[in-house]
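S.K.: One predicted model, sequence on top.
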Amino acid sequence: QYPNSTAVQTQAGIVAAMKGDTSGASKALARALELDQNNLEALSVLISLDLAAKNRASAVSRIDARLARTPNDPAVLLLAARTYARAGDLAKSEQLLRKTVEVDASNFDAYSMLGRLYISQQRLDEALAEFQALTKRQPRPVQAHTVAGVILEAQNKPQEARKHYEQALALDPDMPVAANNLAWMFAETGENLDLAL
């Protein structure tokens, strides 16, 4: 009924991919992108199909072409960082995540991915220095304080982590990751249970 709907073609591609019909999925997703070249969902699934088929060159080529059109779009930068990470180029992924944080200081996904990347490479001290520096540079460093707290927890420094979570919540009482992690810390030690709740 709606052959020229990018949303319908995207969903058809996803369903085909779930059924193992790679050819049908690629065809529908390519059509979705013809109809709307900014359709990141279709692009993301096509990239996943490339990577699943071990066709890293195609995946990287797709995201590089999209990135060339809008090099400062945080959503595109994040997809590019994920693509390069899955393709095994962690240095490029890190570079793209840093750029994402530069253009969108409130992008928690970028902070979180950057933190996980540092942790996976056992670069916790470097990661901590990075996020602590960000807490001083940004006007409202909610995310930077939160990720610094996560890293400090990974380093088994709960008191220092707690201070960062508290600073994040002082800036934004609705920050879910900081609230959750701080509540869990209170619950584990049995202190401030009312506040934890």
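M.R.: Here it is on my side, so go on.

S.K.: Now tell me what touches the helix or strand of the chain with the lowest mean pLDDT from outside.
M.R.: When each helix and strand of the chain is scored by mean pLDDT, DSSP states H and E, helix 108-120 comes last, with a mean of 82. In this structure, residues lying in contact with helix 108-120 by C-beta atoms under 8 Å, 6 or more residues apart in numbering are 74, 77-78, 81-82, 85, 90, 93-94, 97-98, 100-101, 104, 124, 126-127, 130-131, 143-144, 146-147, 150-151, 154, 177. (Glycine included, C-beta is placed from N, CA and C.)

S.K.: Give the buried subset of those residues as a ChimeraX selection command.
M.R.: Buried residues among these (16 or more other C-beta atoms under 10 Å), as a ChimeraX selection:
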select :74,77,78,81,82,85,93,94,97,100,101,104,127,130,131,143,144,146,147,150,151,154,177
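
S.K.: Quick one: list the elements packing against the helix or strand that comes right after the least confident helix or strand of the chain.
M.R.: Per DSSP states H and E, the first helix or strand lying C-terminal to helix 108-120 is helix 124-137. When contacts are defined as 3 or more C-beta pairs under 8 Å, 6 or more residues apart in numbering; DSSP states H and E, helix 124-137 packs onto helix 108-120, helix 142-154.

S.K.: what about 6 Å?
M.R.: Helix 124-137 is packed against helix 142-154, with contacts defined by 3 or more C-beta pairs under 6 Å, 6 or more residues apart in numbering; DSSP states H and E.

S.K.: Tell me what angle the helix it packs on forms with helix 108-120.
M.R.: 30 degrees (axes from the mean of the first three to the mean of the last three C-alpha atoms, to 10 degrees).

S.K.: Now do the helix or strand just after helix 142-154: everything it contacts.
M.R.: The helix or strand immediately downstream of helix 142-154 is helix 158-171, counting by DSSP H and E. Helix 158-171 has contacts (C-beta atoms under 6 Å, 6 or more residues apart in numbering) with 140, 142, 145-146, 148-149, 152-153, 175, 178, 181-182, 185.

S.K.: List buried residues within the residues you listed.
M.R.: By 16+ other C-beta under 10 Å, these give 142, 145-146, 148-149, 152-153, 175, 178, 181-182, 185 as buried.
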